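Student: the sequence and its predicted three-dimensional model are supplied below.
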Amino acid sequence: MRATFGLIGKTAMALVLSAGALSVTSTAAFAKEKEAKAEKASYSKEFVAAAGPIQKTVTALDEAKKKGADAAAQKALLANAPAELAAAEAAVKTPLDRMAAGGWAVSIGGVLNDIAMRQRGIQNMLDSGQVPAANVTEYQFYLGNFAYSNKDYATAVKALTPVVQANFKDETAAELLADSYAQQGQNAEALTALKMALDARKAAGAEVPEGWFKRANLIAYKNKLGPQAIEWSTLMVENNPTPLNWLGAGQLVREFSQFTNQESLDLGRLLLRSGGFQNDPKYVEREYVEYIEAADPRRLPGEVLKVANMGVQAGVLKAADPFVADATAQAKGRIAADKASLPALDKEARAAKDGKSPMAMADAYLSYDEAAKAEEFYKMALEKGGIDKDRALTRLGIAQLDQDKFDDAKATFAQVGGVRATLGRLWLAFANTQSK
């Protein structure tokens, strides 16, 4: 990542120029000014004497710019500027001395493309205490930007942290801060910094830049930070629920979680409902296969047939493929008998002493898109107990969501824990996007 800061902003430049406009006509003038108002910030005699050469050089540069001198001509005028500036900096005694020296360093460093000089200049300006309070955050951003370009990542972190905390308008501040941490191998801290930026932006009611999510996901995935990768991919789909983002979030949750076929089944259901399957066939073929395998035509034939047909119609699966053909044939051969058995199983489930039969009944109804009945039996299964509570809660939330019971679904998904906690959080994110 490269620093995006090029020329100092208009407000900052005005302050730099005013600070740099040091009059060297006579030390007597400074003495008179000091006598007129003792507490007023002033230049030291030593600095005034040492600053004469650099003041003349800066004045000549300003005149050349007004006359339209090109970059080469401007640089030629600054042949002795680094040495002249160093002499002035060495003579600094007062805050105003430091402010002026800093302004010159920023200005001259810009012409010479000397980022280290500009960093030193901004640091001096901030250290002088002469930067107006309203502009300090902006100057801190410049300092962090210059430090980042100089690979002085520790200084960049120190400068940019308060900038990000203040929700600075330039969105690159957060990415520069995060990358400054990452460049030092502090990847968890990089993600914490981005989360701080996100929270500050949300608290201000402003839009969160998509780039923050992408950078966070990249840092987390590359460094195998599973919990953070899941957290950021989930935050990303809540912020921008595109089909590609949903697919990526689902795949990250699977990769960094310990899922069985049962969890994979409910992940497939999420990708189906969220639009995650609506991506390039080469990206989703495996997802269709995972879904069909998890649903299993021997257990949920109606759902398998539905998903298989969708895959074929979308051009992702081929009907003649042995896996698809076999799954489809098995499903078709079982659907009629499966549906015919539901009334008797319904009665049996209601009379059961534990929640196993109601859970199986609810699963059947959910697979046939009978959400209201599925909700009833999942609640029954949870009340009777003796089941995988987190699985039942996940699917109860799905049934409620399928009926547009958004508040109920959110409350249900929020209760999902165990190995399914990350999956429940992702379903909750989907519910949040649907209820907006």
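Tutor: Looks like it arrived, so ask away. Numbers count the residues shown, from 1 in each chain.

Student: ok, residue 307 - contacts?
Tutor: Residues near residue 307 by Cβ atoms under 8 Å, 6 or more residues apart in numbering: 268, 272, 288, 291-292, 295. C-beta here means a position set from N, CA and C on the backbone, and glycine is covered the same way.

Student: filter these to the buried ones?
Tutor: Neighbour counting by 16 or more other Cβ atoms under 10 Å classes 268, 272, 288, 291-292, 295 among these as buried.

Student: ok, of those residues, which one's closest to residue 308?
Tutor: For the buried ones among the contacts of residue 307, the closest approach to residue 308 (Cβ to Cβ) belongs to residue 292, at 6.0 Å.

Student: quick check: the closest one touching residue 306?
Tutor: No - contact criterion Cβ atoms under 8 Å: residue 292 and residue 306 do not qualify, at 10.1 Å.

Student: buried residues in the helix or strand containing residue 307, which are they?
Tutor: Per DSSP states H and E: residue 307 is located in helix 301-313. Neighbour-count burial for helix 301-313 flags 301-308, 311-312 (criterion: 16+ other Cβ under 10 Å).

Student: which one among the residues you listed gets closest to residue 410?
Tutor: Of these, the one sitting nearest to residue 410 (Cβ to Cβ) turns out to be residue 303, at 24.2 Å.

Student: any idea how far residue 257 is from the closest residue to that closest one other than its chain neighbours?
Tutor: Nearest-residue entry for residue 303: residue 367, 4.0 Å, with adjacent residues in sequence omitted and distances by Cβ to Cβ, 6 or more residues apart in numbering. Computed as Cβ to Cβ, to the nearest Å, the residue 367 to residue 257 distance reads 23 Å.

Student: output stretch 173-187 as PDB, nothing but the C-alphas.
Tutor: Extracted C-alpha coordinates of stretch 173-187, given in PDB (Å, rounded to 0.1, in the frame of the first residue of the first chain):
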ATOM      1  CA  ALA A 173      -6.000   7.100   7.700                       C
ATOM      2  CA  ALA A 174      -7.400   3.900   9.000                       C
ATOM      3  CA  GLU A 175      -5.800   1.700   6.300                       C
ATOM      4  CA  LEU A 176      -2.400   3.400   6.900                       C
ATOM      5  CA  LEU A 177      -2.700   2.800  10.600                       C
ATOM      6  CA  ALA A 178      -3.700  -0.900  10.100                       C
ATOM      7  CA  ASP A 179      -0.900  -1.500   7.500                       C
ATOM      8  CA  SER A 180       1.600   0.200   9.800                       C
ATOM      9  CA  TYR A 181       0.800  -2.400  12.400                       C
ATOM     10  CA  ALA A 182       0.800  -5.200   9.900                       C
ATOM     11  CA  GLN A 183       4.200  -4.100   8.500                       C
ATOM     12  CA  GLN A 184       5.600  -4.700  12.100                       C
ATOM     13  CA  GLY A 185       4.000  -8.200  12.300                       C
ATOM     14  CA  GLN A 186       1.300  -6.900  14.600                       C
ATOM     15  CA  ASN A 187      -1.700  -8.300  12.700                       C
END
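
Student: can you give me how far it is from the chain middle?
Tutor: 12 Å (Cα atoms, centre = their mean, to the nearest Å).

Student: domains in the chain, by residue range?
Tutor: Residue ranges for the domains of the chain, per automatic domain parsing: 1-138, 151-256, 260-420.

Student: out of those domains, which gets nearest to residue 432?
Tutor: Going by Cβ to Cβ, the one of those nearest residue 432 is domain 151-256, 5.6 Å.

Student: now what about stretch 230-239, what contacts it?
Tutor: Outside stretch 230-239, the residues that reach it (Cβ under 8 Å, 6+ apart) are 191, 194, 198, 208, 210, 213-214, 216-217, 220, 245-246, 248-249, 252-253, 256-257, 274, 422, 425-426, 429-430, 432-433.

Student: apply 7 Å and report the result again.
Tutor: With contact meaning Cβ atoms under 7 Å, 6 or more residues apart in numbering, stretch 230-239 is reached by 208, 213, 216-217, 220, 245-246, 248-249, 252-253, 256, 422, 425-426, 429, 432-433.

Student: do stretch 378-396 as well
Tutor: 262, 266, 352, 354-356, 358-359, 362-363, 366, 375, 399, 412, 415-418, 420, 423-424, 427.

Student: could you turn the buried ones of the residues you listed into a PyMOL selection?
Tutor: Per 16+ other Cβ under 10 Å, the buried members of the contacts of stretch 378-396 correspond to this PyMOL selection:
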select buried, resi 262+266+352+355+356+358+359+362+363+366+375+399+412+416+420+423+424+427
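
Student: any stretches of this structure with poor pLDDT?
Tutor: 1-41 (pLDDT under 70).

Student: tell me which helix or strand the residue nearest to residue 53 when sequence neighbours are not counted sits in.
Tutor: In space, and not counting its chain neighbours, residue 53 is closest to residue 84: 4.3 Å by Cβ to Cβ, 6+ apart. Here residue 84 sits within helix 81-90, counting by DSSP H and E.

Student: now that helix: buried residues?
Tutor: 81-82, 84-85, 88-89.

Student: now, the most widely separated pair of those residues?
Tutor: So, these by Cβ to Cβ: farthest apart are 81 and 89, at 12.0 Å.

Student: show me where the stretch 101-250 of the chain has its helices.
Tutor: Taking DSSP state H, counting those that start in this stretch to define them, one finds helices in the stretch 101-250 of the chain at 115-128, 136-149, 153-165, 172-182, 187-203, 210-222, 226-239, 243-255.

Student: quick revisit: kindly calculate the angle that the following helix or strand past the helix holding residue 307 makes with helix 301-313.
Tutor: Going down the chain from helix 301-313, the next helix or strand is helix 322-351, by DSSP H and E. Calculated by axes from the mean of the first three to the mean of the last three Cα atoms, to 10 degrees, helix 322-351 forms an angle of 150 degrees with helix 301-313.
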